[in-house]
Each structure stands twice: as structure tokens, then as C-alpha cells.
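A.B. asks: Output the structure for:
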Amino acid sequence: MSRGNLTLLTMVSTIGGFLFGYDTGVISGALLFLQQEFQLTPFESELVVSATVFGAIAGAVIGSSANELWGRRKVILSSALLFAFGALGMGLARSVQELVLGRLAVGVGLGLSSMTVPLYIAEVSPPDMRGTLVSLNTLLVTGGQFFATVFAAVLSSSPSGWRYMLGLASLPAMLQFIGFLFLPESPRWLVQHGQHDAAVAALASIRGEKDFQHELRSMEAELTTLSRGGAGIAGLWTAISQFASVRRAVVLGCVLQMLQQFCGINTVMYYGVTIIRLAGFTDSHVAIWLGAVVALSNFLFTFVGIYLVDRMGRRQLTLGSLLGVMVMLLVLGAGFYVAEVQSPPVHGGIDACADFTTCFDCVASTSCGFCPVASLSPPPSVVVDAASSSSTSSSGVCYPGTAAGPAHAACAGGGWSFDACPNTTHAPGYVILAALFVYLACFATGMGPMPWTINAEIYPLSVRSTAISLATAVNWISNLVVSLTFLSLIQATSTYATFWLYGAVATVGFVYLVYHLPETKGLTLEEIDGVFQVRGGVTYEPVATDRTL
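C.D. replies: Numbering: from 1, shown residues only. All right, here's what the predicted structure looks like:
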């Protein structure tokens, strides 16, 4: 294959990235319709969102053994089938149970592909193109997210639009399945499993007429140094306990994946529309389209990361990206702080909603809403008295309720606000919207693609698939923790404090990476191992290997 054909091979592989991004992006818009169709409780809504993440954790965990036994190609074929059937099941679902089962199947497929696709691309790519080609997977992730938000916005006027949003994802999944029927297995996996002739044939199909004998000898030399006895999680644990270089690589890989999620990225992806509504853009259709604009930033700036990864290098790109993310999280927190200060005051409430003092805090709760005094029928005298003494004419009450209305009173004239406050000014909202756009731009250039790119490079062949499986599981578990705690954190503290907390985590991560993230640009997968032979090494210096794995 020529380099153009290698890129085509990568594009077929990274359809898995598109599916990853599409599912992440589409659920935010589809959830509004699912809640109406199935009358979902808050718990059921969380279950629908998180079912895919639970499935992905399982897929990432079993992905190690599957990669060892079946190879990269068969695992990706299996993941495509799982996603296709799961998406079709979601589109045809007639009950919450069927919907959750479809989400679980999609999740297992995503877990398998999210660890295997970067691994496969890294193993078939030449060193000078590896970073760019692996980063294409992240480009397809962000492209899928952007496409999903636009698709959701287009279908937002149709009550059954959610079926098309969820079900049509089966088409690209089947396209990937068909494409992979014609792609070769990873040459490194074939060498690792003693299939020399098949490895030569695979390299020949990928490299074309280019002399690849040196590359083949390099793979075989690594296996001469590294015993094949340590397969699976037991072998990885043995390597971690015996060899500092493996331990350093695994810790770095897991920290990168955890840090990617604890920067708060999937709060923006899963709850983007909710965040935009909290910022003051209360119309649902407007909020969905603004969500698409924000997602466009993530997509466009991934191109910047792809352009720079093999020019600037992984280290500088990751650190620069994380620094920008830190600043924008602080700005987001400041924007929400101003929005809360300017929020209409609350002068009454019932039950669990009685403790809130501002509209912003009230609607941030999943079970409370705000009604201006002028819209409350009949208005309680105590509230009227409190409101009359307030300098803010838009003050009101905080009552339990749903999007349909309050549970204990009538809010006349369309005054009931369940998801967002009625604002007299959008100034803080515009600051928040701009900060979200820049936040995603900073994230997309480095912290989006680099954890996947670096994890696909830094492990020795004998434990590579198991280590990547572990790091991918850490990513999905962190994803689950962040997505399940975001709304709870807002209720327990505040929106601005939640974003500042993410900023603090990013700051700690930045300090760690300054001292522990090496530069791997242009190195072979075998040379990269030498970087981790040196404690605190951040550049490649040829050293004698210390391992007989």
C-alpha cells in the first residue's frame, strides 16, 4: 500500500471513533425525547445515559484477552457488529428495558473499539506518521459528536426523531464491518504469535514495495528480549512489579486517561444542552443548536492537533492543551459565579426546595423549579411580602416539580422554569458560551487525542494490549464517575465550584505531566521503551534494556 492507502486503512479503522463520538453526542439531544416517550424517572434517565458507559467498561476489560486470542482485526469486526445490533435495537425499542439493552450492547462495542483501534493503527503505521494517523481516530470522535448534535437539532421538531438519531448509527457500523473484512491483521500481533509468513504478507500489503525487513527484524528482536510468557493481566502485573520501566509507562498511561475525563470533558458532551440552558439560553431548540456550535469547536481544533502532533510533538502539545483547559475552567467557573450572583432571588419554597436562595441554585436541582411571584396563582402572602421588600422584581419561589409544572401550585402564564432561570440579560451566558468554545478548542488540540496516541505507543509488545485495556478501562470508569457526579456536585456545591474543582484537578495533572511525560515523536515503538528505562526521562537516550520479559 502507498501512504494514501495507509490513510484509507486508517479511515476505515477510525469509523469506530466516529461511532464513539456519535453516541456521546447524540444522547444529549435524544434524551429529551426519550423522557417524553417513556416517561423516564430521573433514575431511568441516568440509567439510559450510563448503560453505554457500563458496557464500555466491560468491553475495555475483556478487550485485553480478546486481543490476545483473536487479534486486532477480529476484535474490531466484533465491536462493529455489537454496535450495529445495539443501535438497531435502540431505534426499535418499545420499552425502557429494550432501550437499556441496546445501550449496553453499544457500550461493549465501544469499549472494545476504543482500546483496539488506536492500538491497531499504531502497530501498522510507520514512526513518522504514527502520531498523525492515531490522532485521526480522535478527529472522527469529534466529527461524530458534531454530526450527532446537528442531526439531533434537525430532528428536534419530530416526536419520533429519537428513533432515527439512535437507529441510523447502525449504518456506519456495518460499513466498518464490511471494510475490515478486507484489511490485514496487525503484523506485530502476528509476529508475537509466531506467524512469521503471515506477518510478512501483512507488512507487504501495508508498506507496498518499500523495504520493511528492518521493521520486521525490530519486531522480532523485541520479542527475543521480551518473553511471550507474560500474557494477560497476570503477566502485566508481573511486569509492573519487576520492571520499573513498565510500571512508569502504565502509571503514565492511566493518569493521562483519568486526567482526560476529570478535566470535565464529558460533562460538556453529555450535559452540554443543560449547561447552555443554565447559562440563560432557555429555549430548548436554541440550546440544542448552540450545543452544535460548541461541538464544532471540538471538531475543528482536532485538525490543529493532528497537524501539530508529529511536528510539535506529544509532550508540548499535551502540556499546552492542558494549560489552556485549566484557564478556561477557571473562566467557566467565573461566568457561572456572575450568573448566580445576578440570578433572581428565591423567597419561598416547599420540602427539599425550601433551602435554595437563588433561582440559579433552584433550577440546578433535578427536582425543583422556579416560578416568579407574578406568575404564581394564587401567590402566597408571605412570598408577596418578601418580594415587595426586595429590590428585584423578578423574585419568586422554588417548588418541587417537573418540566411540566410545579407539584404543589399553579404557575400561570408560562412562568414555570424547571431547567433554567428567566434572565433579563444574557451577558454572563455569552461569556460562558465563549468559554465553552475555547475550552473545547484547547482540549481538542491535545488532551483529546494525546492520551490515546501516547497509550498506543508506550508499552512493550508483550504487555501492550493488556496495558491499553487497563488504561481504556480507567478512561471509561473515570467517564462514569464524572458523568454520574456532575449534577450531584452542582447540587451539593454550585455550578461555578464544580468547574473550579475540575480546574484544580487539571492543575495537579499538569504538574505531574511536566515531570513524567516523555517526548515520543519520531521514535519506533521499540525505541520508546528506552525512554522509560530512565527515571524521570522525558527524551530518548539509547540505553541497554533491563528486561527479559
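A.B. asks: Domain ranges for the chain, per the record?
C.D. replies: Recorded structural domains for the chain (assignment: automatic domain parsing) are 3-183+226-336+429-531, 346-414.
A.B. asks: I'd like the ones you listed as TSV, with mean pLDDT appended.
C.D. replies: Rendered in TSV, the data for the domains of the chain read as follows (pLDDT from 0 to 100):
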stretch	mean pLDDT
domain 3-183+226-336+429-531	87
domain 346-414	72
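A.B. asks: any chance you could map the helices in the stretch 201-350 of the chain?
C.D. replies: Listed in chain order, the helices of the stretch 201-350 of the chain (DSSP state H, counting those that start in this stretch) span 213-225, 232-242, 244-262, 265-278, 284-309, 314-341.
A.B. asks: The third one vs helix 314-341, what angle?
C.D. replies: For helix 244-262 against helix 314-341, the angle between stretch directions is 30 degrees (axes from the mean of the first three to the mean of the last three Cα atoms, to 10 degrees).
A.B. asks: Point out the other helices and strands that helix 244-262 packs with.
C.D. replies: helix 232-242, helix 450-455, helix 464-492, helix 495-516 (3 or more Cβ pairs under 8 Å, 6 or more residues apart in numbering; DSSP states H and E). From N, CA and C alone the C-beta is placed, and that goes for glycine too.
A.B. asks: Any buried residues in it, and which?
C.D. replies: With burial defined by 16 or more other Cβ atoms under 10 Å, the residues of helix 244-262 counted as buried are 245-246, 248-250, 252-262.
A.B. asks: With the shortest one instead?
C.D. replies: Residues 232, 235, 236, 238, 239, 240 are the ones in helix 232-242 that count as buried (16+ other Cβ under 10 Å).
A.B. asks: Over to the fifth one?
C.D. replies: Taking 16+ other Cβ under 10 Å as the basis for neighbour counts, the residues of helix 284-309 that come out buried are 284, 287-299, 301-302, 305-306, 308-309.
A.B. asks: separation between residue 129 and residue 171?
C.D. replies: Applying Cβ to Cβ, to the nearest Å, one obtains 29 Å for the distance of residue 129 from residue 171.
A.B. asks: Neighbour count: those two, which is higher?
C.D. replies: The neighbour comparison of residue 129 against residue 171 (other Cβ atoms under 10 Å) goes to residue 129, with 15 against 11.
A.B. asks: what helix or strand is that one on?
C.D. replies: helix 127-154 (DSSP states H and E).
A.B. asks: Packing partners of that helix?
C.D. replies: Under the contact criterion of 3+ Cβ pairs under 8 Å, 6+ apart, helix 127-154 touches helix 3-13, helix 15-38, helix 96-124, helix 161-167, helix 284-309, helix 450-455.
A.B. asks: Tell me the buried residues in that helix?
C.D. replies: The neighbour-count criterion (16+ other Cβ under 10 Å) identifies 127, 130-154 as the buried residues of helix 127-154.
A.B. asks: got the angle between that helix and helix 15-38?
C.D. replies: Put simply, helix 127-154 runs at 20 degrees to helix 15-38, going by the same axes, to 10 degrees.
A.B. asks: Off-centre distance for helix 127-154?
C.D. replies: Chain-centre distance of helix 127-154: 12 Å, with Cα atoms, centre = their mean, to the nearest Å.
A.B. asks: Then stretch 283-293?
C.D. replies: Once both centres are worked out by Cα atoms, centre = their mean, stretch 283-293 turns out to sit 20 Å from its chain's centre.
A.B. asks: Now for the nearest residue to residue 415 once chain neighbours are set aside, how many residues are close by?
C.D. replies: Ranked by Cβ to Cβ, 6 or more residues apart in numbering and with sequence neighbours excluded, the top spatial neighbour of residue 415 is residue 375, at 2.6 Å. Burial of residue 375, expressed as a neighbour count using other Cβ under 10 Å, amounts to 19.
A.B. asks: close enough to count as contact, residue 116 and residue 63?
C.D. replies: Yes: assessed by Cβ atoms under 8 Å, residue 116 is found in contact with residue 63 at 6.1 Å.
A.B. asks: so what's in contact with these two at the same time?
C.D. replies: Common neighbours of residue 116 and residue 63, counting by Cβ atoms under 8 Å, 6 or more residues apart in numbering, are residue 75.
A.B. asks: The two: which has the busier surroundings?
C.D. replies: Taking other Cβ under 10 Å, residue 116 and residue 63 do not tie; residue 116 has more neighbours (32 against 29).
A.B. asks: For residue 520, see how far away that one is.
C.D. replies: Distance from residue 116 to residue 520, counting by Cβ to Cβ: 20 Å.
A.B. asks: And residue 51, by the same measure?
C.D. replies: Per Cβ to Cβ, residue 51 is found 36 Å from residue 520.
A.B. asks: of all the helices of the stretch 201-350 of the chain, which lies closest to residue 85?
C.D. replies: Nearest to residue 85 among the helices of the stretch 201-350 of the chain is helix 265-278; the distance by Cβ to Cβ comes to 23.4 Å.
A.B. asks: Using PDB, write out every CA atom in the closest one.
C.D. replies: Output in PDB follows, covering the C-alpha atoms of helix 265-278 (Å, rounded to 0.1, in the frame of the first residue of the first chain):
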ATOM      1  CA  ILE A 265     -15.000  17.000  29.000                       C
ATOM      2  CA  ASN A 266     -17.900  14.600  29.100                       C
ATOM      3  CA  THR A 267     -19.900  16.900  31.400                       C
ATOM      4  CA  VAL A 268     -19.900  19.200  28.300                       C
ATOM      5  CA  MET A 269     -20.600  16.300  25.900                       C
ATOM      6  CA  TYR A 270     -23.400  14.600  27.900                       C
ATOM      7  CA  TYR A 271     -24.900  17.700  29.600                       C
ATOM      8  CA  GLY A 272     -24.000  20.400  27.000                       C
ATOM      9  CA  VAL A 273     -27.600  21.400  26.400                       C
ATOM     10  CA  THR A 274     -28.200  21.500  30.200                       C
ATOM     11  CA  ILE A 275     -25.100  23.700  30.800                       C
ATOM     12  CA  ILE A 276     -26.200  26.100  28.000                       C
ATOM     13  CA  ARG A 277     -29.700  26.400  29.400                       C
ATOM     14  CA  LEU A 278     -28.200  27.000  32.900                       C
END
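A.B. asks: And the pLDDT at residue 209?
C.D. replies: The score at residue 209 is 63. That number is its pLDDT.
A.B. asks: okay, residue 51 and residue 520: which has more neighbours?
C.D. replies: In this view residue 51 and residue 520 are compared by other Cβ under 10 Å, and residue 520 has more residues nearby, 25 against 19.
A.B. asks: Mind checking what secondary structure the more buried one has?
C.D. replies: Going by DSSP: H, G, I helix; E, B strand; the rest coil, the secondary structure assigned to residue 520 is coil.
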